[in-house]
Structures are given as structure tokens and as C-alpha cells.
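[1] Mind looking at a prediction? Sequence and model below.
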Amino acid sequence: MIPTRRALAITLALTALLATAPAAQAADTPQHPWYFDTLRVEEMWEHAKGEGITVAVIDSGVDSSLPELEGRVLEGADLTGRAEGAHVDTDGHGTHMAALIAGTGDGNGIRGIAPGVKILPVRIVESGDFSISGVARWVEGIQYAIDSEVDTINISGTREDIIGAAGPLSEMAEEAARQGILFFASVGNEGERANTVQPPASLDGVVGVGAVKSDGERSSYSTSGAHVAIAAPGNGVPAYCGDLGGSLCLIEGGGTSAAAALASASAALIWSQHPDWTKNQVLRVMLNTAGRSDDQRRDDFTGYGIVRPDRVIIDGEGNPGDPDSPPIFRDWEAALVPPATPEPTPETAPDDSAEPAPGPEAEAAATSDDSSPLPWILGGTAVVLLVGLTGWLLLRRRA
């Protein structure tokens, strides 16, 4: 009897394995990476795809000729000085980030998780090495995105050499916050070396994004620290194995660059479903619905947890809260000084020869000013007249 039971158990186990293996293999492909199941991406698309949201990808340009990006890329700007255009990407990094956000999958290309998003390409480098670009170009690129009234800024790169000269970038982060723009940046891939978050992710007002693997654990390369606000998939992400437009493969160590792009796409999905929300509300629900493996509020490895836009879009979870209260950077935003506005022109004495006499509306407005003595004067006069009239009537009656 024992051998029979053991044989039956083995048979059942093999049957289960054979039944599940093809499905698992089919799910983990460049067209359907693991996080499509974890985030219930295709179910989210029944409710929102990112329509009406624009994400600025400040990077190496975006090749809009790829089938999966056709019609998704705005004109943008090329700030490299080569005047080749923002749709030129000789490196492929910016195109990869844009596809992870908004790729439609057409032509067997990359499927992003927010295919309804519009991408604003801002080309500030010719390669994925962001350190070759001067601070002024970064500032110009962020300013261009702000002036273009984007909803979200994505920078999948860091600059170690500008830590001591991050003032101009900090000013751009402040301006983005004032304009209601969400600003995401990768925290870097120095987790096994220096392990120090670099700008722009280290700046106040910028949401630093770390990377995780399919098991939900932090990717070993993902830089940790107090500036990590949230995490997103960084391993097992689709990419072109060679030249853009060639065959796709899964990159085991995609990096925090991919994580930042997927965090930006997650915000876009939420915002497209709730277009009346502010950046504070979008970020708040991202943080309070993020996936965490324990009860800690946050840690230095994955921040407040792993992005789960599906919990907001499908399950209706997350309290957006006060539209004007930021969930993080609260003291920093409270201290922001509003942009300077021109002083009003001092009023001059009325010139009867140049201006017509004020009409009834102007007179009525003048009497409503609490600082003006006019109501009191008129009131006093009315009292005197009323008293005089009353006395006269009494005298007539007595007479």
C-alpha cells in the first residue's frame, strides 16, 4: 500500500507540474513580463491606460519610428547641441524608458504599462552616460518639461559629480512642485559599491525609485538610503537585445532606470483614472497602496513599498486626502516661496482731463471698503438728518 500511495503522489505532482509549467513559461516573456501578472496590467487597461497624461522622458532621445511608439511621442526638444532632434536616439536608453511607459506592443515591440500616455522626449545626452552632460543642460531640460506643462517628469539616470553643485537642479525641483508636476528619478545602481543616492533622486521634491525582483525583494544593485521613496520592477524587464527594432529579450538586471519608468507609468495610470486629483493625491495613494512584505512604514531599500497601481485602479483602494498637502516633503514644500510677481502699479491722483468720472459701480465699490472713512461719514450724516427730521415732526404734532 505504501508504494502505491507514493506512486500516486508522484504522479499527481508531475501532472500538476506539467499543467502549470507551460502557463508560467508563457507568462514570463518579453511581451508578457512577470509584473504584468503581479500588477494585473491587462485588467487595469479595462479602466485606464494613461490617456490624457504626458510624461517627459529626459534622456538620450526617443526613437518614435518604432511601431510600439507610433503616435505616442510628441515633438520634444534636442538640447545636446547637435540639432538632430529629440526623436533621434543613438544609444537606445531613452527609447527603452519611453517604451516601458507607453509602448503599445505593436510590431511585437515592448508593451508598456500605460500605453495611452503621451511622451515628451527631452534629449540632453547622446548616450546612457548622464555624467557627460553639464548641469546647465539638465536644468534646461527640466525647465523645458515644466514650460511644456507635463504631468510627470521621468529621469532614469543620476549625476554623482554634481552633488556639490545641485543648487540649480534643486531650484528646478522646486519649480516642478509649484506647477503640480510629479518628478520621478532612479536612485542608481550603486547598491553593491558606493551605495549613495545621487542627484536628482537625492533632491527634495524628487521621488526616488528603487528596483525589486519578481520575488518582491530589493535588487542587490539598487542603491539604498533615506531618499528611496518607492520601488518598482527592475529585473526581468523587456528590452531590445541588439539594435532598436530588433528582437526582444528579458534583462535580468534592468536597473533602477527601468524601475523609475515603471513608477512614472504607474502614476500616469492612476492620474488618468482620477484626472481631478493633484500630484499630492496621486503620490499619496501610490505610497499608501504600495506592496510591503512587513509592517514597517518604510525602509531604505524599497521606501514605502512596491508600486501597485492595480490596487487603486481595480480595487478602489487608497485615500487621496488633502489635495494641497504633500504626503512626503511636507516641510520642504511648506517652505517654498511662491514665484515673484510684479508689484502692482501705484495708483495716481485722478486726472479729470484723462479719465471719465467714476460711475455708480465705482462709487459702490468705494463704499464697501472697510478701511475707507466714507461709510462712517455717510452714516453720521444720515443720523443727523434722521434726528432733525424726527424732532421737526414732534414739534409739528405738539403744535
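    Received, thanks.

[2] all strands for this protein, in order.
    Remark: strands assigned in the chain by DSSP state E are 54-59, 77-78, 118-123, 152-155, 182-186, 207-212, 228-233, 237-240, 248-251.

[3] Quick one: closest of those strands to residue 174.
    strand 182-186 (10.3 Å; CB to CB). Bear in mind the C-beta positions are built from the backbone N, C-alpha and C, glycine included.

[4] Tell me the gap between the closest one and the middle of its chain.
    Distance of strand 182-186 from the chain centroid (CA atoms, centre = their mean, to the nearest Å) equals 6 Å.

[5] Name the strands paired with that strand and say parallel or antiparallel.
    Strands that pair with strand 182-186, judged by DSSP bridges, come out as strand 152-155 (parallel), strand 207-212 (parallel).

[6] export those strands to CSV and tack on mean neighbour count and distance to residue 221?
    Listed next are those as CSV, based on neighbours: other CB atoms under 10 Å; distance: least, CB to CB, whole Å:
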stretch, mean neighbour count, distance to residue 221
strand 152-155, 30, 18
strand 207-212, 30, 7
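
[7] quick one on the thing from earlier: now mean pLDDT and distance to residue 192 too, for the strands of the chain, in TSV please.
    Formatted as TSV, the strands of the chain follow (pLDDT from 0 to 100; distance: least, CB to CB, whole Å):
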stretch	mean pLDDT	distance to residue 192
strand 54-59	97	24
strand 77-78	97	35
strand 118-123	98	30
strand 152-155	98	22
strand 182-186	98	16
strand 207-212	97	13
strand 228-233	98	15
strand 237-240	96	19
strand 248-251	94	17
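
[8] any chance of those strands in JSON lines, plus distance to residue 307?
    Below are these laid out as JSON lines (distance: least, CB to CB, whole Å):
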{"stretch": "strand 54-59", "distance to residue 307": "15"}
{"stretch": "strand 77-78", "distance to residue 307": "28"}
{"stretch": "strand 118-123", "distance to residue 307": "19"}
{"stretch": "strand 152-155", "distance to residue 307": "13"}
{"stretch": "strand 182-186", "distance to residue 307": "10"}
{"stretch": "strand 207-212", "distance to residue 307": "8"}
{"stretch": "strand 228-233", "distance to residue 307": "5"}
{"stretch": "strand 237-240", "distance to residue 307": "14"}
{"stretch": "strand 248-251", "distance to residue 307": "19"}
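
[9] who wins for proximity to residue 277 among these?
    That would be strand 182-186 among those, by CB to CB, at 10.7 Å.

[10] For the closest one, which outside residues touch it?
    With contacts defined as CB atoms under 8 Å, 6 or more residues apart in numbering, strand 182-186 is touched by 151-158, 173, 176-177, 200-201, 205-209, 211, 255-257, 259-260, 263-264, 267, 279, 282-283.

[11] before we move on, what about stretch 147-154?
    With CB under 8 Å, 6+ apart, stretch 147-154 has contacts from 53-58, 97, 101, 120, 142, 145-146, 176, 179, 181-185, 260-261, 264, 267-268, 271, 279.

[12] just stretch 314-327 next, same as before
    Stretch 314-327 has contacts (CB under 8 Å, 6+ apart) with 40, 43-44, 47, 177, 274, 277-278, 280-289, 311-312, 333.

[13] how does it look with 10 Å?
    Here stretch 314-327 makes contact (CB atoms under 10 Å, 6 or more residues apart in numbering) with 39-40, 43-44, 46-48, 177, 180, 205, 229, 270, 273-274, 276-290, 304, 308-312, 332-334.

[14] for the stretch 101-250 of the chain, what spans make up the helices?
    Counting by DSSP state H, counting those that start in this stretch, the stretch 101-250 of the chain has helices at residues 135-147, 167-178.

[15] how about a markdown table for those helices, with mean pLDDT added?
    As requested, these are exported to a markdown table (pLDDT from 0 to 100):
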| stretch | mean pLDDT |
| --- | --- |
| helix 135-147 | 94 |
| helix 167-178 | 94 |
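
[16] so can I have a markdown table of those helices showing mean neighbour count and distance to residue 83?
    As requested, these are arranged in a markdown table below (neighbours: other CB under 10 Å; distance: least, CB to CB, whole Å):
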| stretch | mean neighbour count | distance to residue 83 |
| --- | --- | --- |
| helix 135-147 | 19 | 14 |
| helix 167-178 | 18 | 23 |
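
[17] Which one of those lies nearest to residue 248?
    Closest to residue 248 of these, according to CB to CB: helix 135-147, at 28.4 Å.

[18] So, low pLDDT: which residues of the stretch 1-150 of the chain?
    In the prediction, the stretch 1-150 of the chain carries residues with pLDDT under 70 at positions 1-27, 128-129, 131-133.
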